[in-house]
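Chemist: the sequence isn't on hand, but the structure is:
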């Protein structure tokens, strides 16, 4: 599924790619804009969506910059309709480094908010659900979106940023594997709770004659993906831990007095 992507260009050696579903989403957004205001509406809707995903890309570049500072290679950033992923060759097992890498993304969102607030002003009784075709209005919505993005990513749902911070804090006292198991378990509980709430809200709306909000569907898909991604990373950690333990057992039998080789294997990471 994640292989269905197209490469765009490189940013300081990092390949920026988009999933084919992202193109379909842009087509849908253009159609929605055209339905409301013909070609100007379509153009404006696509421009807004591209600007929004520019913020997503900057968020992922924040992760990438922090990772590269600690010597972790980031070969690609992949954009999906549900967000972006910075694909790292490994995740540092030093809690301090993992925390900094995880927080670097939301920090970029808050930096964008600060820069936008220099020029963007909010009128009294501003209604976020109403959208006018103006750059000032786009700036207001980008502030709201970046605020949501920054807060949302700090939820303790592994492998989201907040979940990684939680795992790193646990790893200060626990083994890396146990910390990952707890973080993934908490992430699944959070994802299941949110999915249950969204389904309940959708059911309530439908029974009350309110049209189904498409954001419910996208949010459910997002949290299903979060649960899946967390479980896949846990499997990777378990596999590496078993391989490391197997090596230690062989080494201890072959060279009983030799120091054990440190385990430098780390799972691939997606932030």
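Modeler: Received it, and whenever you're ready, just let me know what you need. Since the structure is predicted, the reported quantities are computational estimates derived from the model, not experimental observations.
Chemist: list the contacts of residue 179.
Modeler: Contacts for residue 179 (C-beta atoms under 8 Å, 6 or more residues apart in numbering) come out as 167-168, 170-171. C-betas here are computed from N, CA, C, even on glycine.
Chemist: so which of the residues you listed sit within helices?
Modeler: Secondary structure defined by DSSP state H assigns 167-168, 170-171 of the contacts of residue 179 to helices.
Chemist: give me the three-state assignment for residue 7.
Modeler: strand (DSSP: H, G, I helix; E, B strand; the rest coil).
Chemist: what's opposite it in the beta bridge?
Modeler: When bridges are called by DSSP bridges, residue 7 pairs up with residue 17.
Chemist: these two touch, right, it and residue 75?
Modeler: No. If you go by C-beta atoms under 8 Å, residue 7 and residue 75 don't touch, sitting 11.3 Å apart.
Chemist: can you tell me what sits against stretch 183-197?
Modeler: 155-160, 163-164, 166-167, 170, 219-220, 223-224, 226-227, 230-231, 233-234.
Chemist: list the ones among those residues that fall in helices.
Modeler: Taking DSSP H as the definition of helices, these contribute 163-164, 166-167, 170, 219-220, 223-224, 226-227, 230-231, 233-234.
Chemist: now those: which count as buried?
Modeler: 163-164, 166-167, 170, 219-220, 223, 226-227, 230, 233-234 (16 or more other C-beta atoms under 10 Å).
Chemist: can you put those residues in JSON lines and add pLDDT and distance to residue 116?
Modeler: Shown next, in JSON lines, are those (pLDDT from 0 to 100; distance: C-beta to C-beta, whole Å):
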{"residue": "163", "pLDDT": "93", "distance to residue 116": "27"}
{"residue": "164", "pLDDT": "94", "distance to residue 116": "26"}
{"residue": "166", "pLDDT": "96", "distance to residue 116": "29"}
{"residue": "167", "pLDDT": "94", "distance to residue 116": "32"}
{"residue": "170", "pLDDT": "95", "distance to residue 116": "35"}
{"residue": "219", "pLDDT": "87", "distance to residue 116": "25"}
{"residue": "220", "pLDDT": "90", "distance to residue 116": "30"}
{"residue": "223", "pLDDT": "90", "distance to residue 116": "28"}
{"residue": "226", "pLDDT": "89", "distance to residue 116": "28"}
{"residue": "227", "pLDDT": "89", "distance to residue 116": "33"}
{"residue": "230", "pLDDT": "89", "distance to residue 116": "32"}
{"residue": "233", "pLDDT": "87", "distance to residue 116": "33"}
{"residue": "234", "pLDDT": "89", "distance to residue 116": "37"}
